[in-house]
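A.B. asks: 3D model of this:
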Amino acid sequence: MALINSKTWKVIRDYTISELKDAAKLMRGYDLVALAAAGSGHAGGTLSIMDITAALYLKVANHDPKNANWEGRDRIIWSAGHKAPALYLGLAFAGYYKAEEVVTLRKLGSPYQGHPHWLKVPGVEVSSGSLGQGLSVAVGAALAGKLEGKQHKVFCIMGDGEQQEGSIWEAAMEAAHYKLDNLIAIVDKNGLQIDGKVSEVMNIEPLAEKYRAFGWEVLTCNGHDMQQVVDTLEQARTITGKPIVILARTVKGKGVSFMENVAGWHGKAPSAEEMVKGLRELDIEEQIPYKHLLEKAKKFQAEVDRTLDAKLPKFSRSYWWNSDSRMKVAMKPTRMGFGQALAENGSDERVVCLGLDISGSITISEFYAKNPERKDRWLSMGIAEQSATAAAAGLAREGKLPVFGTYGTFAAARNLDQLRVSVCYGDFNVLVAGAHGGVSVGPDGATHQALEDLFNIMGLPNMQVVVPCDSVETRKATTHLLLRQPGPKFIRFAREATPIVTTEETPFIFGKANVIRLRHDSEDFIDAFETVLAEEYANEREDVSIIACGPMVPEAMRAAYILKQEFGYETRVINLHTLKPIDSVAIVRAGKETGAIVTAEEHQIGALAWRVSGILTETPKLYGVPIITGAIGVKDRFGESGYPWELIKEFEVSAEHIAQKAAELMAVKQGALAEAPAAIG
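C.D. replies: Predicted coordinates:
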């Protein structure tokens, strides 16, 4: 059985092996088109898993496209959530929706997010993306099936690099302990992960022996031999008394010669030209209406653009970055400053860098890239955030200066207890990089967007937190934290290119805020502003203060420009690059001297806003001083797939939104001042 009419239990369609091969080939073609239209995504793994996807959704698993939540269905859980396009196409070819719909992949407002969200797409069992969790979810689903006496199976699709996560083995123990023979795990063994070969990053072999030792039945197959795949899946359904794992040997990028067995295609999408070349190699160029599909994606994007434009606060003209002939700004990925600092300071023999599988992306590998003699101090830890965090504590205890980093959401959440107990409680010299913070990973979607990380990290005693505003400040901050600042420290920075608003001469002192003032219109944005240490700044009786951190500092500066041009308001911008310890003196002065404060953070509202508000309300010298406040940030919601600059607009954290909020506060402030004499009289 496979595709079932859940009311009659009749098979809707029984695919032959030949038909499954053809379907898998077409699914690969639609995958290439969707990735090309998105301009981002994971080509390698989606192509390697496609034969298994076709076999599962069209032949082996029992499910009903007309009744997605049918109780008798087999559950298919994708722990490897980055392979979402394969999941979406499996469901599409099964009949849940049209395959052409998937071409809106990763676009803002599309249900086909970079990592799957079960509330958006029928047939998706669970939301996933943070590796290592799916098998545990599958254990829970299988346990529920046993408790209720159900006969359905629970399939769980994982990657081989994912086997480096410790939670996989906790789930493996549980499944064997409860003899979950209704659980069938599938490992896509393509041998590659982001940082290279799995065997070299962190060897997982002998994988079959490990699962057997945990009490599992182990089956193997060629993941691209359709007959073998179907036979192995059907054999797995017959095994009783223990959980089953299928180790499927696959090729990353299967079917497209220039992608096959190339680690660089793990998280890369083809260009339009590469897409066509791939379709030709698959011999399906004439079968895939790719021109129509790309046009469909283009129209979808145009509607997104119109919606966002309507949502953006309007002023007399556009003030968007580089939209005018003046106030031009250069942009550079903030993460580059992190790698540059490690390269410059890595000669210190105490420095040890730990790689967590996105090393090139977050630039931590720059530590040894041009200095191969440092390679013995480069420790590849694989996809294992929790263990790596505790290992860093051990290295620090022995006098080393360990540095590790990954996506901000995994560097401050997945490993939170290890940070709390192993690092912070012992007050060890560990530098943690919360990379790709905020919305900067855009199309990857909610599971990879760090919008809550500062809540987690700032609540830890002894932890020091810096959120630099651009690549230049990131380099300075990394150097200081690495070599001069003792104790646990966390640096948060973005992935995408953001405006450069500081120079080598711009002051950076840990724990000390800077004041930024707009001085005049200029050809170059950076030259229009003056930056001084807050403690050296003389009050200029500005109308309003904007307190910001990270990539919101350039937005705050642009907001200051809007406020001056549109309303004539003078704005004190405070770059609060160090959130812990916080510069309370600068905050108190801003409150007392301007009477109106807007906070701006690329995070859930509160990491910055609540700390600023707390200082304002708890400082005795401000008792009785009228201060009005407003907060710009993400409003208690999860992220969405979309381009980073789109999400700045969607989440309402742009300079336009900051300026609008400041103007609202000024209206209140001016009204209060106008009423003051009458009230006194």
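A.B. asks: wait, what's in contact with S347?
C.D. replies: S347 makes contact with 371, 374 under the criterion CB atoms under 8 Å, 6 or more residues apart in numbering. To be clear about C-beta, it is placed using only N, CA and C from the backbone, and glycine gets the same treatment.
A.B. asks: what's the burial count for the nearest residue to Y57 once chain neighbours are set aside?
C.D. replies: With sequence-adjacent residues excluded and distances taken as CB to CB, 6 or more residues apart in numbering, Y57 is closest to G90, at 3.8 Å. Residues near G90, counting by other CB atoms under 10 Å, number 26.
A.B. asks: got it, and Q228?
C.D. replies: Q228: 17 neighbours (other CB under 10 Å).
A.B. asks: now S316
C.D. replies: When neighbours are defined as other CB under 10 Å, S316 has 8 of them.
A.B. asks: Kindly report the same for G72.
C.D. replies: Residues lying near G72 (other CB under 10 Å) number 14.
A.B. asks: For it, give me the pLDDT.
C.D. replies: What the model reports for G72 is a pLDDT of 96.
A.B. asks: how near is it to V472?
C.D. replies: As for G72, its distance to V472 is 60 Å (criterion: CB to CB, to the nearest Å).
A.B. asks: quick one on the thing from earlier: and the residue nearest to Y57, how far is that from I52?
C.D. replies: 9 Å.
A.B. asks: returning to that earlier point: can you give me phi and psi for the residue nearest to Y57?
C.D. replies: G90 adopts backbone torsions of phi -60, psi -40, taken as degrees, to the nearest 10.
A.B. asks: go on, the one 5 residues further on?
C.D. replies: In terms of degrees, to the nearest 10, the main-chain angles of G95 are phi 110, psi 10.
A.B. asks: Next one: the residue nearest the centre of the chain from T16, what distance?
C.D. replies: The residue lying closest to the centre of the chain (CA atoms, centre = their mean) is H448, at 2.3 Å. Distance from H448 to T16, counting by CB to CB: 39 Å.
A.B. asks: Just say helix, strand or coil for E100.
C.D. replies: Here E100 is helix, with the state taken from DSSP: H, G, I helix; E, B strand; the rest coil.
A.B. asks: Oops, could you answer that again for Q287 instead?
C.D. replies: Q287 is classified as coil under three-state DSSP.
A.B. asks: Which helix or strand contains the closest residue to it other than its chain neighbours?
C.D. replies: Take Q287 and drop its neighbours on the chain: the residue closest to it by CB to CB, 6+ apart is L26, 6.4 Å away. Using DSSP states H and E, L26 falls within helix 17-38.
A.B. asks: Could you pull out the buried residues of that helix?
C.D. replies: Buried residues in helix 17-38, counted by 16 or more other CB atoms under 10 Å: 20-38.
A.B. asks: swap in stretch 306-320?
C.D. replies: In terms of neighbour count (16+ other CB under 10 Å), stretch 306-320 has its buried residues at 308, 312-313, 315, 319.
A.B. asks: same thing with stretch 446-456?
C.D. replies: Neighbour-count burial for stretch 446-456, counted by 16+ other CB under 10 Å, picks out 446-454, 456.
A.B. asks: Could you single out the nearest of those residues to L616?
C.D. replies: Using CB to CB, L454 is the member of the buried residues of stretch 446-456 that lies nearest L616, at 18.9 Å.
A.B. asks: mind checking how far the closest one is from H603?
C.D. replies: As defined by CB to CB, L454 lies at a distance of 5 Å from H603.
A.B. asks: now do K252
C.D. replies: Distance of K252 to H603, computed by CB to CB: 35 Å.
A.B. asks: what's the answer for F315, then?
C.D. replies: For F315, the distance to H603 - CB to CB - is 25 Å.
A.B. asks: so after the strand or helix carrying G633, what's the next helix or strand?
C.D. replies: Taking DSSP H and E as the criterion, G633 maps to strand 628-634. For strand 628-634, the following helix or strand on the C-terminal side (DSSP H and E) is helix 644-650.
A.B. asks: helices and strands around that next one, which ones?
C.D. replies: Here helix 644-650 touches helix 290-311, going by 3 or more CB pairs under 8 Å, 6 or more residues apart in numbering; DSSP states H and E.
A.B. asks: who's in contact with the helix it packs on?
C.D. replies: Residues outside helix 290-311 that contact it (CB under 8 Å, 6+ apart) are 29-30, 33-34, 36-38, 100, 103-104, 107-110, 272, 275-276, 279, 642, 646, 649-650, 652.
A.B. asks: Could you rerun that using 10 Å?
C.D. replies: Contacts to helix 290-311, defined as CB atoms under 10 Å, 6 or more residues apart in numbering, come from residues 29-30, 32-34, 36-39, 99-105, 107-110, 272, 275-276, 279, 284, 289, 318, 320, 642-643, 645-650, 652, 654, 656-657.
A.B. asks: quick one, the helix holding L26 and helix 290-311 angle?
C.D. replies: Here helix 17-38 points in a direction 40 degrees away from that of helix 290-311 (axes from the mean of the first three to the mean of the last three CA atoms, to 10 degrees).
A.B. asks: looking only at pLDDT, what's the mean for helix 17-38?
C.D. replies: 98.
A.B. asks: just stretch 402-421 next, same as before
C.D. replies: The average pLDDT within stretch 402-421 is 97.
A.B. asks: and that stretch, how far out from the chain's middle?
C.D. replies: 14 Å (CA atoms, centre = their mean, to the nearest Å).
A.B. asks: And stretch 599-609, by the same measure?
C.D. replies: A distance of 18 Å separates the centroid of the chain from that of stretch 599-609, by CA atoms, centre = their mean.
A.B. asks: Show me which parts of stretch 110-120 are buried, residue by residue.
C.D. replies: Buried residues in stretch 110-120 (16+ other CB under 10 Å): 110-117.
A.B. asks: Would you state the strands of the stretch 51-200 of the chain in chain order?
C.D. replies: Here the stretch 51-200 of the chain has its strands, by DSSP state E, counting those that start in this stretch, at 75-78, 154-159, 183-189, 192-193, 196-197.
A.B. asks: could you dump the ones you listed to JSON lines with distance to R637?
C.D. replies: As requested, the strands of the stretch 51-200 of the chain are exported to JSON lines (distance: least, CB to CB, whole Å):
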{"stretch": "strand 75-78", "distance to R637": "23"}
{"stretch": "strand 154-159", "distance to R637": "28"}
{"stretch": "strand 183-189", "distance to R637": "32"}
{"stretch": "strand 192-193", "distance to R637": "31"}
{"stretch": "strand 196-197", "distance to R637": "36"}
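A.B. asks: TSV for these, including mean pLDDT and mean neighbour count?
C.D. replies: Putting the strands of the stretch 51-200 of the chain into TSV (pLDDT from 0 to 100; neighbours: other CB atoms under 10 Å) gives the following:
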stretch	mean pLDDT	mean neighbour count
strand 75-78	98	26
strand 154-159	98	27
strand 183-189	98	28
strand 192-193	96	27
strand 196-197	96	16
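A.B. asks: ok so, going back, of all the buried residues of stretch 446-456, which two lie farthest apart?
C.D. replies: Of all pairs in the buried residues of stretch 446-456, the most separated under CB to CB is T447 and L454 at 17.6 Å.
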